[in-house]
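Engineer: for reference, the sequence and a predicted model appear below.
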Amino acid sequence: MKAFHLTDTTGIADLHLMDVPVPTPARGEVLVRVRAISLGPIDVNTTNGHGAYHALQDAEPMIPGWDISGEVVAVGPEVLDFLPGDAVFGAVNFPGPGRGYAEYVAAPARHLAPKPANISHAEAAAASLAALTAWQALMTTANVQPGQRVLIHGAGGGVGHFAVQLAGERGAYVIGTSSASKRVFVLSLGADAHVDYTRQRFEDVVPPVDVVLDAIGGETALRSLAVLKPGGLLISLPIGLSPSLLAQARARGVRGQHFLAVSNGEDMRRLAARLAAGTLYAHVARTWPFAQLPDALCQVAGGHTQGKISVLLD
């Protein structure tokens, strides 16, 4: 089979297409013929030796990737939930070695969910790690409640566009930040208010909020402390929070927490139910052919994608 192998840590150019054996599903695993892969910032960062690189560095060959959608072609021992022919999707082995940039993936059955029939493989892959992150951050970690105010940075991006929808489902008042070009999109997802970060400092116009979900990082996380209510929670996705920022959070009577999603098939099934019902929507900005996966990653690296990027396999 064909797979992309990461040979160094200088960036996307270190991904090379190669022939590798089709994996054999072990106990509790299924072999998935991959129909679509989705990409996000974690994929770009991994090619630079950051992101989830540490979990891959001892593998040979080193095959990145976590978001997949496809069909089961074989099942390993003790797999009861899936049969050959089943369409499945999920974030595989995150933050460990997912080996998703490949035509076939041996995936733990417990990390997958049945793919809803009403969405494409491209949409299903797009609704894997990004949607899982939004779910676990807002529904589990923050436990957003009706009437709370939630500020979502990067609301038009991969995690952000799912977060807007899920926070709205909980009955929260949702404020999304993005550039002006994504304003209509963010509001169409159910956001109650929008802030164009290129024209306004969000801390000058956003009322006190209960939860901030920050998919941007850097200075944005620090500035977000100013808009949190006492006891409020800042969830940061891109990087760990510095000791200085955490100290400032404590001084303000708020909390800061770095968050990383973990593969979970039960959570994927919860997301699948919403995708099937049409109450959750995966926006795929563009699809690329598998041979051009590095070019797709370059688009992700540009940082202005609306929704998600997916890669399609034959």
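Structural biologist: All right, it came through fine. Numbering: from 1, shown residues only.

Engineer: could you give the bridge partners of residue 89?
Structural biologist: residue 69, residue 113 (DSSP bridges).

Engineer: contacts only, for it.
Structural biologist: 68-70, 112-113, 115, 121, 124-125, 127-128, 268, 272 (Cβ atoms under 8 Å, 6 or more residues apart in numbering). To be clear about C-beta, it is placed using only N, CA and C from the backbone, and glycine gets the same treatment.

Engineer: same deal with residue 85?
Structural biologist: 71-72.

Engineer: all helices of this structure, in order?
Structural biologist: 41-47, 53-56, 121-126, 129-134, 158-169, 183-188, 202-205, 219-224, 243-252, 265-277, 293-301 (DSSP state H).

Engineer: which stretch in the ones you listed has the least confidence?
Structural biologist: When these are compared on mean pLDDT, helix 53-56 scores lowest, with a mean of 82.

Engineer: returning to what we had before: out of the helices of the chain, nearest to residue 103?
Structural biologist: Of all those, helix 293-301 sits nearest to residue 103, with 11.7 Å by Cβ to Cβ.

Engineer: can you list contacts of that closest one?
Structural biologist: Outside helix 293-301, the residues touching it (Cβ under 8 Å, 6+ apart) are 4, 12-13, 15, 37, 39-41, 43-44, 47, 101, 286, 288, 305, 309, 311.

Engineer: what residues are up against the residue nearest to residue 158 when sequence neighbours are not counted?
Structural biologist: Closest residue in space to residue 158, ignoring its immediate chain neighbours: residue 130 at 4.0 Å, by Cβ to Cβ, 6 or more residues apart in numbering. By Cβ under 8 Å, 6+ apart, the contact set of residue 130 is 38, 40, 67, 158-159, 162, 308.

Engineer: may I see the residues you listed organised as JSON lines, with neighbour count and distance to residue 233 added?
Structural biologist: Listed next are these as JSON lines, based on neighbours: other Cβ atoms under 10 Å; distance: Cβ to Cβ, whole Å:
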{"residue": "38", "neighbour count": "34", "distance to residue 233": "27"}
{"residue": "40", "neighbour count": "24", "distance to residue 233": "23"}
{"residue": "67", "neighbour count": "31", "distance to residue 233": "26"}
{"residue": "158", "neighbour count": "31", "distance to residue 233": "21"}
{"residue": "159", "neighbour count": "27", "distance to residue 233": "16"}
{"residue": "162", "neighbour count": "30", "distance to residue 233": "18"}
{"residue": "308", "neighbour count": "30", "distance to residue 233": "26"}
